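Engineer: Sharing a model that was predicted from the sequence below.
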Amino acid sequence: MILRRYGTSVQSVDPNFDSNALTEIGFCQNHERSDPADEFTAVWEWVDAHELVTETEGSVQDEVEGRALGDLEGQLRQLESGLGPGEVLVVENKQESDHPKTHTHTVAVENRLHFRITVRPALRVGVYRKRGGRGELRRLRLALRARRVLAPLRPAGHTALPTGRGPVVRASVRAGGTALLLLLGATSACRFERRPDLTADEPVTATLYRPPDYPTTPVEDSVHGTVVAVTEAFAVGDGARVAQLTTREAILIDQENEVRWTRAGGSPLPRPLPSAERGLIWRMEGSSFALLSDGVALYSCLFTASVTAEEVPWSAVESWILVRTEGGWLVRYLHRSRGLGRSTPLP
């Protein structure tokens, strides 16, 4: 059995290695086993550690990536099949800091491209075995449960993260003009890579838009990464890349340019906010982030414009709704509006 930690619990997982997914080296919860993390640490002891790496080469990139991921999964399955009685494998890479990724190295050989795929950092897995006998295990479990019951339900000064029910979130959803509540029921056959802890003791700003240098969480960073990737695809008009980073029913709206893009509609893509054109520069003043549910996020950005280093009374707001899938965050909805009247020339 293969296990991985998600927040305050340790869950059983199956490998989900797919070269076409945003998270190529992923794991899918199979719900066969779930233990509180503190209980797992007390009941199981570390026995051995393994670092799995791979390197493949070839002239067709997709095939090379597929072989690399297949080799890595084969090594993992071989370790799993070699476990002794009462032993399990635990994936020890942290999603937010050292998750393994494929890296492509391209060289030209006799007028043809040659690809070498490596994985780094290494996929780290540990072998764990249950401690002691049944009597000791039962004593440890009872002690841990008693400690959890006696512990305070919420530390002093605790401030909960926004849950999507506050006035700011409702206003942002209404501004999109679409019934986004359907997204709250979005589910997946596979549990997510890392479930955010909505009761975590983290600071919350009282302002609508936080400055760009405001500290962020790993969940927010992963959402921002998808937004940046879609924006870069807008810049080069890459519709295939946008389709890869959006859900099947995605709607992308640029209100001032009267663009409404869907996969089936054949409409042009929204254009990125122009910069360095006629001296016009858009600068992001701040952003806001909220989790509407375990797998739905609202991300909003405020931009202001300047012309030849002078501020002008133009602003733009982008509101993004993203849903989390086993392959990563995908865009479900985008609404962009600019603070310009019809009589004012559009930048």
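Structural biologist: Cool, the structure landed. Residues are numbered from 1 along each chain as shown.
Engineer: Phi and psi next, for residue 271.
Structural biologist: phi -90, psi 150 (degrees, to the nearest 10).
Engineer: Can you tell me the SS state at the residue nearest the centre of the chain?
Structural biologist: Computing the C-alpha centroid of the chain and ranking residues by C-alpha atoms, centre = their mean puts residue 222 first, at 4.0 Å. Residue 222 carries the three-state label helix when classified by DSSP: H, G, I helix; E, B strand; the rest coil.
Engineer: what's the distance between it and residue 299?
Structural biologist: 11 Å (C-beta to C-beta, to the nearest Å). C-beta: built from backbone N, CA, C; applies to glycine.
Engineer: Show the subsequent helix or strand relative to the helix or strand where residue 283 lies.
Structural biologist: For residue 283, the host element (DSSP states H and E) is strand 280-293. Remark: after strand 280-293, the chain's next helix or strand is strand 296-307, criterion DSSP H and E.
Engineer: Just the C-alpha atoms of the very next helix or strand once past that following strand, please, in PDB.
Structural biologist: In the C-terminal direction, the helix or strand that comes right after strand 296-307 (DSSP H and E) is strand 310-325. Extracted C-alpha coordinates of strand 310-325, given in PDB (Å, rounded to 0.1, in the frame of the first residue of the first chain):
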ATOM      1  CA  GLU A 310       1.700  59.700 -15.500                       C
ATOM      2  CA  GLU A 311      -1.200  58.000 -13.800                       C
ATOM      3  CA  VAL A 312      -4.500  58.000 -15.800                       C
ATOM      4  CA  PRO A 313      -8.000  57.300 -14.500                       C
ATOM      5  CA  TRP A 314      -8.200  53.900 -16.000                       C
ATOM      6  CA  SER A 315      -8.500  50.600 -14.000                       C
ATOM      7  CA  ALA A 316      -9.200  47.000 -14.900                       C
ATOM      8  CA  VAL A 317     -10.400  44.100 -12.800                       C
ATOM      9  CA  GLU A 318     -10.100  40.400 -13.600                       C
ATOM     10  CA  SER A 319     -12.100  37.900 -11.700                       C
ATOM     11  CA  TRP A 320     -11.200  34.200 -12.100                       C
ATOM     12  CA  ILE A 321     -13.000  31.100 -10.900                       C
ATOM     13  CA  LEU A 322     -10.800  28.000 -10.900                       C
ATOM     14  CA  VAL A 323     -11.700  24.400 -10.100                       C
ATOM     15  CA  ARG A 324      -9.200  21.900  -8.900                       C
ATOM     16  CA  THR A 325      -8.800  18.600 -10.700                       C
END
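Engineer: Secondary structure class of the residue lying closest to residue 77 once chain neighbours are set aside, three-state.
Structural biologist: Excluding its sequence neighbours, the residue lying closest to residue 77 (C-beta to C-beta, 6 or more residues apart in numbering) is residue 15, at 7.6 Å. The local conformation at residue 15, judged by three-state DSSP, is strand.
Engineer: Skipping adjacent residues, who's closest to the residue nearest to the centre of the chain in space?
Structural biologist: Here the residue nearest residue 222, using C-beta to C-beta, 6+ apart, is residue 329, at 5.9 Å.
Engineer: How much space separates the one you found from residue 50?
Structural biologist: For residue 329, the distance to residue 50 (C-beta to C-beta) stands at 30 Å.
Engineer: now do residue 317
Structural biologist: Going from residue 317 to residue 50 by C-beta to C-beta gives 49 Å.
Engineer: Residue 130: how many residues sit nearby?
Structural biologist: Using other C-beta atoms under 10 Å, residue 130 has 15 other residues around it.
Engineer: Quick check: phi and psi on it?
Structural biologist: Torsion angles, degrees, to the nearest 10, at residue 130: phi -60, psi 140.
Engineer: got a list of what it touches?
Structural biologist: Listed by C-beta atoms under 8 Å, 6 or more residues apart in numbering, the contact partners of residue 130 are 43-45, 86, 137.
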